[in-house]
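In: What follows is a predicted structure for the sequence shown.
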Amino acid sequence: MTADSGTSESLVAHRSDHTTIRYTAVGPADGPALVLIHGWACDHGDFDTVIGHLPDGYRVLAVDLAEHGESRSTREAWTMEEFARDVAAVLEAEAVTTAVVAGHSLGSAVAVEVGRLLPDTVSHVIALDGLHYLSLFPAQSEEQADTLLSVFRDDFATAVRGLVEGGSPAGTDPALKDAYFEKMSAVRQPAGLRAIEGLVHWDMDAALRETGQPITVFAIRDLVTQEAIDRYGDRFDIVLVDLGSHHFPVEAPEATAKLLADVMRS
């Protein structure tokens with residue numbers, strides 16, 4: 001059931017500052033384009049099984065952001081806007097004219113920025129358990145940002161463990177949490193820490209004001225607060241799902257593929 005049942009191609013898009021963006025492509029070059037962006041400290045492999053459950057005919061591009069997965073860069077800027085340019089380089093390399101862009105966690109912020117950067121190309125933005133975490137996504141005050149980032153600077157492993165625990169509803173398999181922790185705590189540095197800094201300082205409200213595409217947020221029910229729904233419910237469509245933890249694309253790939261395909265069809 002893979003997009004056109006084709007094999008995955010491993011491709012590369014080059015940027016300045018010695019930035020090499022690796023991505024995979026599945027499906028016909030002229031098929032409707034779906035771009036998948038992983039979360040912080042993760043990689044495109046989180047979507048491998050999801051892609052296998054997508055309907056035939058889509059052109060599916062799964063991107064490794066700079067210094068994640070197989071992508072490499074020596075740049076100094078680690079903002080959400082700069083990550084969006086990584087994705088834009090892939091779209092340019094693929095000559096994509098219209099695409100739905102879906103991001104998990106931090107990748108959802110990147111997806112919004114891709115929509116802002118390429119308003120004539122991106123038709124819909126999808127957030128997979130992203131954008132609704134009020135302690136991460138709206139721009140924090142300097143005091144709030146310093147408090148959060150000091151944990152990462154002082155004890156990175158403990159901070160990563162806290163993120164994993166915070167994204168794990170009651171009953172989450174401890175082995176899964178350990179696997180996520182091991183993967184995320186091994187993120188390449190300094191990009192890992194700098195990316196968290198970029199996320200905390202990202203002005204989501206400003207980005208949303210300048211992003212005209214419809215935005216759909218698929219959020220784990222147990223991890224959404226009423227405050228977030230009240231604050232952003234009129235700006236994006238929040239759809240509550242019960243598919244596991246914050247990393248539900250890994251845990252429920254078939255159901256995730258259905259969510260993505262439903263948006264593509266719409």
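Out: Great, that's in hand.
In: What about the nearest residue to D30 once chain neighbours are set aside, how many residues nearby?
Out: In this structure, D30 finds its nearest non-sequential neighbour in R59, 7.5 Å apart by CB to CB, 6 or more residues apart in numbering. For every residue, glycine as well, the C-beta is placed using N, CA and C. A count of nearby residues for R59, using other CB atoms under 10 Å, gives 21.
In: Likewise for D146?
Out: Count around D146 with other CB under 10 Å applied: 12.
In: For it, what is the enclosing helix or strand?
Out: D146 is part of helix 142-154 when elements are defined by DSSP states H and E.
In: Could you list the buried residues of that helix?
Out: In terms of neighbour count (16 or more other CB atoms under 10 Å), helix 142-154 has its buried residues at L148, L149, F152.
In: which outside residues touch it?
Out: S135, Q140, T158, A159, G162, L193, I196, E197, V200, H201 (CB atoms under 8 Å, 6 or more residues apart in numbering).
In: Pull out the buried members of the residues you listed.
Out: The neighbour count (16+ other CB under 10 Å) marks Q140, A159, L193, I196, E197, V200 as buried among these.
In: was I right about the last one contacting S135?
Out: Read it as V200. No - V200 is beyond contact range of S135, at 9.1 Å (criterion: CB atoms under 8 Å).
In: rewinding a little: I'd like the buried residues of helix 142-154 laid out as TSV, including distance to A29.
Out: Output for the buried residues of helix 142-154, formatted as TSV (distance: CB to CB, whole Å):
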residue	distance to A29
L148	42
L149	42
F152	40
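In: how deep is the nearest residue to V122 once chain neighbours are set aside tucked in, by neighbour count?
Out: Spatial nearest neighbour of V122, chain neighbours left out: G115 (4.2 Å); criterion: CB to CB, 6+ apart. Applying other CB under 10 Å, we find 25 residues neighbouring G115.
In: T211 is in contact with G115, correct?
Out: Yes - with contacts counted by CB under 8 Å, G115 reaches T211, the gap being 4.7 Å.
In: shared neighbours, these two?
Out: Joint contacts of G115 and T211 (CB under 8 Å, 6+ apart) are V125.
In: Could the C-alpha coordinates of the helix or strand I126 falls within be exported in CSV?
Out: Using DSSP H and E, I126 sits within strand 122-128. The C-alpha coordinates for strand 122-128 follow below in CSV (Å, rounded to 0.1, in the frame of the first residue of the first chain):
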residue,chain,number,x,y,z
VAL,A,122,1.9,25.0,0.5
SER,A,123,-1.9,24.3,0.4
HIS,A,124,-2.3,22.9,4.0
VAL,A,125,-0.3,22.6,7.1
ILE,A,126,-0.6,19.5,9.4
ALA,A,127,0.7,19.4,13.0
LEU,A,128,1.2,16.0,14.5
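In: any residues touching it, and which ones?
Out: Contacts for strand 122-128 (CB under 8 Å, 6+ apart): 98-105, 107-108, 111-112, 114-115, 211, 213-219, 236, 248-249, 256, 259-260, 263, 266.
In: thinking again about what came up before, any chance of a markdown table for the buried ones among the contacts of helix 142-154, columns distance to Y180?
Out: Shown next, in a markdown table, are the buried ones among the contacts of helix 142-154 (distance: CB to CB, whole Å):
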| residue | distance to Y180 |
| --- | --- |
| Q140 | 24 |
| A159 | 14 |
| L193 | 18 |
| I196 | 16 |
| E197 | 21 |
| V200 | 20 |
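In: These in helices, which ones?
Out: Members of the buried ones among the contacts of helix 142-154 lying in helices (criterion: DSSP state H): A159, L193, I196, E197, V200.
In: May I see those organised as TSV, with distance to H18 and pLDDT added?
Out: What follows is those, written out as TSV (distance: CB to CB, whole Å; pLDDT from 0 to 100):
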residue	distance to H18	pLDDT
A159	28	96
L193	20	96
I196	22	95
E197	21	94
V200	26	93
